[in-house]
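A.B. asks: sequence and predicted structure, then a few things I'm wondering about:
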Amino acid sequence: MILGRWEGFMATGYTIKRNQYFDSVFLMQVAKRLSEEPGIEQVAALMGTEKNKGLLAEIGFENAEISSAAANDLIIALKGKSPSTIEVILENLDAWLFRKPVGVSKAVSRTLDEALARQPHANLAVVSLPGEYAAREARRALERGLNVFLFSSNVPVEDELSLKQYARERGLIVMGPDCGTAIIAGVGIGFANVVRPGPIGVIGSTGTGLQEFTSLVHQGGSGISHAIGTGSGDLSDATIGGISTLSALEALEADPQTNVVAVLSKPPGAKTLPLLVERLNRCRKPVVACFLGIGKYPSENDIGFETARTLDEAAALATQLAPGKPVVRTGVGSQEVQALVAKERAGMAPEQKYIRGIFAGGTFCYQAQQVMREAGLVVYSNAPLDGMLSLADPLRSEAHTLVDMGAEMFTEGRPHPMIDATLRRERILAEAQHPQVAVLLLDFILGYNASPDPVGDLLETIAEAKSTASQRGGYLSVVASMCGTEADPQNLREQTRALEEGGVVVLPSSAQTALFSRTLALSL
Amino acid sequence: MKTKLEELLQNGPVVISLGVREFAESLQDQGVEVVHVDWSPPAGGDAEMAELLDKLL
């Protein structure tokens, strides 16, 4: 523990705990709790990676000892009003870092093999380690006959290919890398919503896409047998060639609970697409495919399955094909949209014309671009769809801009925006400073492992952004979608009500918010 | 014969979790049998060294 370095009126202190690994979600919670302590002004709780040591240097923590910390050393750094406050915390750090044991066995397992000895019937490894170590543990799990849900990103493509080939040869699957969501036999894994069991099986290379689809199927009165994530790269790169997608498809074809199969993805790679189309044509069960942003199928006459442009359409088509009677939902009618548009634009100043979408869900950012493109609106993005423009600086919006805040540059070393709203808050306030901004387009994602109160995380920020615009004599329209169900832990109804009371237009899906924002922007 | 993936779908998951603890906790809350590994980086955090050890052992 190093104490008593004074910078002006600020006391600082830090400690390094060697060989103790903590994940970034837990460390975010520790930092939050510590920052709520009286007299504490700033907290950093980070593993000693090079990137994190750079962040520490930026806030004034830089010396030889900190430089010597490695990726498995925890660094806690504090700034506060007095050295004694900091000293008390650093001396009692173990209490702050205490975590109750998880799992059927109360004994601590330090390796996969120790855990397997305690759980010999395990059939799935859920791996969410830093990318550089993830492939190694995933391979071990496969070698021991376990399927793998690989949440980690930054896994080299050669490792992804070799893991997936190894798995496929043995009748196993690797869901991922970069797989956020799965629902297996009613169990939500990673970021997943609580949905009704039912006849629709879905395969997706997009985590938020799976969440939106499964939630919309639930809202439509049907249910989900399984939702199998494949990882963002499974279909996009010809070297992977859809290995996990094909394994998932075969398994859903064989699964007695599944009557209809849906496949969700960004456009598959040029070589993979015809192979996938051919395989989907041969599927023994009805298929709905939604390749967001796709221009054209290879030979449209040969498509023997249903295709959907948006996740909403995919969910509706799958629900219609499934046994049982779908619930007819009354969406927002066109007259209602026109009335809402008129109401939202009424208070705007003449210079207000641009949409700024600040998304937690990458797929929502992508789908919104597609909706804009269909009306000829050109937008900037840090993750541009074909025909859209790339932001020169992802931190600065231009004209119409849709930002994926879950992109790697925003998430390295910190939790995803579905958990940690800090960067979204900052970005929303930055957008509100621009007099030309008319519409703020947002998404809120509920479900297991998402923030316990996603709306509460942003509500004050939204009010501040609206107030900034009104002080200028304008009106900021805030439009938001809510991905989730009434069975999710966050209470969908309360979340929606809180947003509506904050003056936000809440629509039932992300595609609908994109469409509404488009209509509004085109009317300005 | 069923593949291991088909068995997973039919029987539901029994999980070993490595990494984010919340993932294990949310599975446990859903009544899933799960063991969480209190993982730490191998060979003092050196990925290359770990790979070398894997090959030797």
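C.D. replies: Received, thanks. Values in this document were obtained by computation on a predicted structure and should not be read as measured data.

A.B. asks: which SS state does residue A:78 fall under?
C.D. replies: For residue A:78, the secondary-structure state derived from DSSP: H, G, I helix; E, B strand; the rest coil is strand.

A.B. asks: next, residue A:441: secondary structure please.
C.D. replies: strand.

A.B. asks: contacts only, for it.
C.D. replies: Shown in contact with residue A:441 (Cβ atoms under 8 Å, 6 or more residues apart in numbering or on different chains): A:355-359, A:368, A:402, A:479-480, A:513-514, A:517. No exception for glycine: its C-beta is placed from N, CA and C like everyone else's.

A.B. asks: now the two most distant members of those residues.
C.D. replies: The largest distance within the contacts of residue A:441, taken as Cβ to Cβ, falls between A:402 and A:480 and amounts to 14.1 Å.

A.B. asks: which one's more surrounded, those two?
C.D. replies: Legend: neighbour count by other Cβ atoms under 10 Å in any protein chain shown for residue A:402 and residue A:480, higher for residue A:402 (30 against 23).

A.B. asks: not including adjacent chain positions, what is the nearest residue to the more buried one?
C.D. replies: With Cβ to Cβ, 6 or more residues apart in numbering or on different chains as the criterion, residue A:402 has its nearest non-adjacent residue at 3.8 Å, and that residue is residue A:357.

A.B. asks: so what does residue A:42 look like in phi/psi?
C.D. replies: Per-residue torsions, residue A:42: phi -150, psi 140 (degrees, to the nearest 10).

A.B. asks: quick one: it and residue A:77, what's the gap?
C.D. replies: Separation of residue A:42 from residue A:77 (Cβ to Cβ, to the nearest Å): 8 Å.

A.B. asks: between those two, which contacts overlap?
C.D. replies: The contact lists of residue A:42 and residue A:77 share residue A:59, where a contact means Cβ under 8 Å, 6+ apart.

A.B. asks: is any residue of stretch A:49-68 near chain B?
C.D. replies: No. Looking at stretch A:49-68 against chain B by Cβ under 8 Å from any Cβ of the partner chain, there are no contacts, and the closest approach is 8.9 Å.

A.B. asks: span of that stretch from start to end?
C.D. replies: From the first residue to the last, stretch A:49-68 extends over 10 Å; the measure is Cα to Cα, to the nearest Å.

A.B. asks: what comes up buried for that stretch?
C.D. replies: Of all the residues in stretch A:49-68, those buried under the rule 16 or more other Cβ atoms under 10 Å in any protein chain shown are A:49, A:52-53, A:56, A:61, A:66.

A.B. asks: now the residues you listed in a markdown table, with pLDDT, secondary structure and distance to residue A:445?
C.D. replies: Below are the buried residues of stretch A:49-68 laid out as a markdown table (pLDDT from 0 to 100; DSSP: H, G, I helix; E, B strand; the rest coil; distance: Cβ to Cβ, whole Å):
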| residue | pLDDT | secondary structure | distance to residue A:445 |
| --- | --- | --- | --- |
| A:49 | 84 | coil | 27 |
| A:52 | 87 | helix | 26 |
| A:53 | 90 | helix | 31 |
| A:56 | 89 | helix | 30 |
| A:61 | 89 | coil | 33 |
| A:66 | 92 | helix | 35 |
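
A.B. asks: quick one: which of the residues you listed is nearest residue A:124?
C.D. replies: Distance from residue A:124 was checked for each of the buried residues of stretch A:49-68 by Cβ to Cβ. The minimum falls on residue A:49, at 28.1 Å.

A.B. asks: so which pair among the buried residues of stretch A:49-68 is furthest apart in space?
C.D. replies: Comparing all pairs in the buried residues of stretch A:49-68 by Cβ to Cβ, the longest separation belongs to A:49 and A:61, at 14.2 Å.

A.B. asks: just the strands from the stretch 201-350 of chain A, written as ranges.
C.D. replies: Listed in chain order, the strands of the stretch 201-350 of chain A (DSSP state E, counting those that start in this stretch) span A:224-229, A:260-265, A:287-291, A:306-307.

A.B. asks: wait, is residue A:20 part of a helix?
C.D. replies: No. Secondary structure assignment places residue A:20 outside any helix; it is coil (three-state DSSP).

A.B. asks: on that earlier part again, of the strands of the stretch 201-350 of chain A, which is nearest residue A:497?
C.D. replies: strand A:224-229 (26.3 Å).

A.B. asks: from the chain's centroid, how far away is the closest one?
C.D. replies: Between the mean C-alpha point of strand A:224-229 and the mean C-alpha point of its chain there is a distance of 17 Å (Cα atoms, centre = their mean, to the nearest Å).

A.B. asks: contacts for that strand?
C.D. replies: Contacts with strand A:224-229, where a contact means Cβ under 8 Å, 6+ apart, come from A:149, A:173, A:175-176, A:179-185, A:190, A:192, A:195-205, A:207, A:210, A:213-214, A:217-218, A:244, A:248, A:251-252, A:255, A:257-258, B:9.

A.B. asks: hey, C-alpha coordinates of that strand in PDB?
C.D. replies: C-alpha atoms of strand A:224-229 as PDB (Å, rounded to 0.1, in the frame of the first residue of the first chain):
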ATOM      1  CA  ILE A 224     -38.600 -20.600 -28.000                       C
ATOM      2  CA  SER A 225     -37.300 -24.200 -28.000                       C
ATOM      3  CA  HIS A 226     -33.600 -23.100 -28.200                       C
ATOM      4  CA  ALA A 227     -31.700 -20.000 -29.200                       C
ATOM      5  CA  ILE A 228     -28.200 -21.000 -30.300                       C
ATOM      6  CA  GLY A 229     -25.600 -18.300 -30.700                       C
END
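
A.B. asks: what about whatever residue of the stretch 401-524 of chain A ends up closest to chain B, how many residues nearby?
C.D. replies: Per Cβ to the nearest Cβ, residue A:448 is where the stretch 401-524 of chain A lies closest to chain B, at 4.3 Å. Each residue near residue A:448 was counted by other Cβ under 10 Å, and the total is 24.

A.B. asks: that one pairs with what?
C.D. replies: For residue A:448, the beta-bridge partners under DSSP bridges are residue A:192.

A.B. asks: could you measure from it over to residue A:73?
C.D. replies: As it turns out, when the distance is counted by Cβ to Cβ, residue A:448 lies 30 Å from residue A:73.

A.B. asks: ok, residue A:487 - contacts?
C.D. replies: A:193-195, A:218.

A.B. asks: please disregard the earlier target; I meant residue A:420.
C.D. replies: For residue A:420, the contacting residues are A:28, A:414, A:451, by Cβ under 8 Å, 6+ apart.

A.B. asks: tell me the spacing between it and residue A:410.
C.D. replies: Counting by Cβ to Cβ, the gap from residue A:420 to residue A:410 is 10 Å.

A.B. asks: so which residues of the stretch 301-450 of chain A form helices?
C.D. replies: Secondary structure of the stretch 301-450 of chain A, counting by DSSP state H, counting those that start in this stretch: helices at A:311-321, A:334-345, A:362-374, A:408-411, A:422-432.

A.B. asks: ok, now the stretch 151-300 of chain A?
C.D. replies: Using DSSP H, counting those that start in this stretch, the helices assigned to the stretch 151-300 of chain A run over residues A:157-169, A:207-219, A:243-254, A:272-281.

A.B. asks: now those helices as a markdown table including mean neighbour count and distance to residue A:372?
C.D. replies: Rendered in a markdown table, the data for these read as follows (neighbours: other Cβ atoms under 10 Å in any protein chain shown; distance: least, Cβ to Cβ, whole Å):
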| stretch | mean neighbour count | distance to residue A:372 |
| --- | --- | --- |
| helix A:157-169 | 18 | 30 |
| helix A:207-219 | 29 | 18 |
| helix A:243-254 | 23 | 28 |
| helix A:272-281 | 18 | 24 |
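
A.B. asks: which SS class is residue A:41?
C.D. replies: Assigned state for residue A:41: strand (three-state reduction, three-state DSSP).

A.B. asks: list, one by one, the residues from the stretch 401-524 of chain A near chain B.
C.D. replies: Along the stretch 401-524 of chain A, the residues adjacent to chain B under the rule Cβ under 8 Å from any Cβ are A:448-449.
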